[in-house]
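> Curious how this folds, go ahead:
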Amino acid sequence: MADKGQTVDASNIHGGDIYRHPDCTDFSSNMNPLGPPERVIRAVRESAERFSAYPDVRKAELTDLLSEKEEVSPGELIIGNGAAEIIFLWAYALKPGRVLMTAPSFAEYGRAVSAAGGSVLYHELRENEGFRLTERILPLIEGLTPEKDAVILCNPNNPTGLAADRELLDRVAECCEKRHIRLLVDECFLDFCDSAEQLTMKRALGKNRMIFVLKAFTKTYAMAGLRLGYGMTRDTALISQMKNQTQPWNVSVPALAAGAAALQEGPEYMQKSLALIRKERQYLFENLTACGLGVIMPAADFIFFRGPADLKEKLLRHHILIRDCANYPGLSRGFFRVAVKTHEDNLKLTEAMREVMRHESV
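Numbering: from 1, shown residues only. Here you go, the predicted model:
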């Protein structure tokens with residue numbers, strides 16, 4: 001376990017850089033491969049008539065819809081400009097001393113903690129354990145300072161795509177509650193898991209006020225460009241503290257309209273999405289494994305693997321953009337992540353990968 005502060009250039013730590021690679025098929029960011037529902041696109045277009053007005057500072061319609069969907073009261077919800085803003089607001093409100101998080105995991109956790117004046121304790125996920133979260137994390141939580149330190153977990157984890165065991169998550173939450181340690185659980189990719197209802201920590205909110213669950217429209221409804229995320233906790237005082245850190249009108253008119261439309265979407269959209277992801281995830285796992293790559297079968301809508309250190313550069317020559325994971329804490333050169341996309345796009349990836357790996361073996 002390492003104790004580190006972070007100074008990171010935010011412009012270089014994420015995927016999705018289509019602006020520098022406009023001629024590439026983008027596998028570096030993980031969105032619903034179906035794209036946003038037509039209802040959402042229509043709502044955004046219609047919202048253009050209200051661009052001259054400020055957004056609803058109370059976010060009333062979206063708050064009511066989310067309250068109903070997530071079965072929490074409006075006072076237990078906070079809506080933000082993407083999940084990233086919520087992470088920063090959580091850190092600014094709590095100002096934790098040390099925050100325990102896994103390595104590898106999403107970079108914005110560490111950036112938010114550092115921005116709020118805290119330090120990061122990295123718990124390394126071991127390759128020889130398949131990068132899975134294990135009971136090794138429990139003694140580390142026991143060593144944290146009550147009322148001061150915190151824990152952040154991503155489930156399923158980014159970039160590995162692995163979901164933690166629910167029994168272990170319950171033990172982590174119980175340990176945090178017992179020691180008065182705040183726990184943020186990022187579930188932004190959970191909607192793509194077959195066992196989402198069993199894995200979500202939302203069900204534990206009522207009995208454990210230490211838990212804060214993070215969600216986003218970004219991945220589920222392919223709305224990354226609109227920036228819309230939210231968080232939930234039974235600790236309404238924390239929600240109030242976070243809102244006090246928020247600028248007014250932090251969520252735009254089109255984003256609010258898109259979120260409301262998404263929540264009114266019928267179940268068919270996600271049923272179709274999950275069926276596609278399940279099928280194409282298996283296809284990519286089998287074909288990337290056949291290419292000689294060290295692939296981990298994920299629970300989410302992206303695949304993590306080990307390959308040649310220069311694989312990203314070689315695939316760019318085939319107009320394929322993948323996520324190089326070397327800048328994740330705990331990882332080195334040679335680890336990559338690719339999104340599960342439509343079969344047509346996945347064919348492009350596997351064909352390019354076969355060509356690249358064929359030359360590697362010569």
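> Doesn't residue 122 lie inside a helix?
No: assessed with DSSP: H, G, I helix; E, B strand; the rest coil, residue 122 is strand; it does not lie in a helix.
> Correct me if wrong: it contacts residue 152.
No: using CB atoms under 8 Å, residue 122 makes no contact with residue 152, being 11.0 Å away. In this view, the C-beta of every residue, glycine as well, is placed from N, C-alpha and C.
> For these two, work out which one has more neighbours and name it.
Between residue 122 and residue 152, counted using other CB atoms under 10 Å, residue 152 has the larger neighbour count: 27 against 19.
> still on that earlier bit, mutual contacts of residue 122 and residue 152, please.
Common neighbours of residue 122 and residue 152, using CB atoms under 8 Å, 6 or more residues apart in numbering, are residue 101.
> buried set for the helix or strand residue 260 falls within?
In this structure, residue 260 sits in helix 253-263 according to DSSP states H and E. Buried residues in helix 253-263, counted by 16 or more other CB atoms under 10 Å: 253, 254, 255, 256, 257, 258, 259, 260, 261, 262, 263.
> With just CA atoms, put that helix into PDB.
Extracted in PDB, the C-alpha atoms of helix 253-263 (Å, rounded to 0.1, in the frame of the first residue of the first chain):
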ATOM      1  CA  VAL A 253     -30.800  22.900 -20.100                       C
ATOM      2  CA  PRO A 254     -30.000  20.100 -22.600                       C
ATOM      3  CA  ALA A 255     -28.500  17.800 -20.000                       C
ATOM      4  CA  LEU A 256     -31.500  18.200 -17.700                       C
ATOM      5  CA  ALA A 257     -33.900  17.500 -20.600                       C
ATOM      6  CA  ALA A 258     -31.800  14.500 -21.700                       C
ATOM      7  CA  GLY A 259     -31.800  13.000 -18.200                       C
ATOM      8  CA  ALA A 260     -35.500  13.400 -17.800                       C
ATOM      9  CA  ALA A 261     -36.100  11.800 -21.200                       C
ATOM     10  CA  ALA A 262     -33.800   8.900 -20.400                       C
ATOM     11  CA  LEU A 263     -35.600   8.100 -17.100                       C
END
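> Who are the packing partners of it?
helix 38-47, helix 60-70, helix 217-220 (3 or more CB pairs under 8 Å, 6 or more residues apart in numbering; DSSP states H and E).
> Cheers, nothing more for now.
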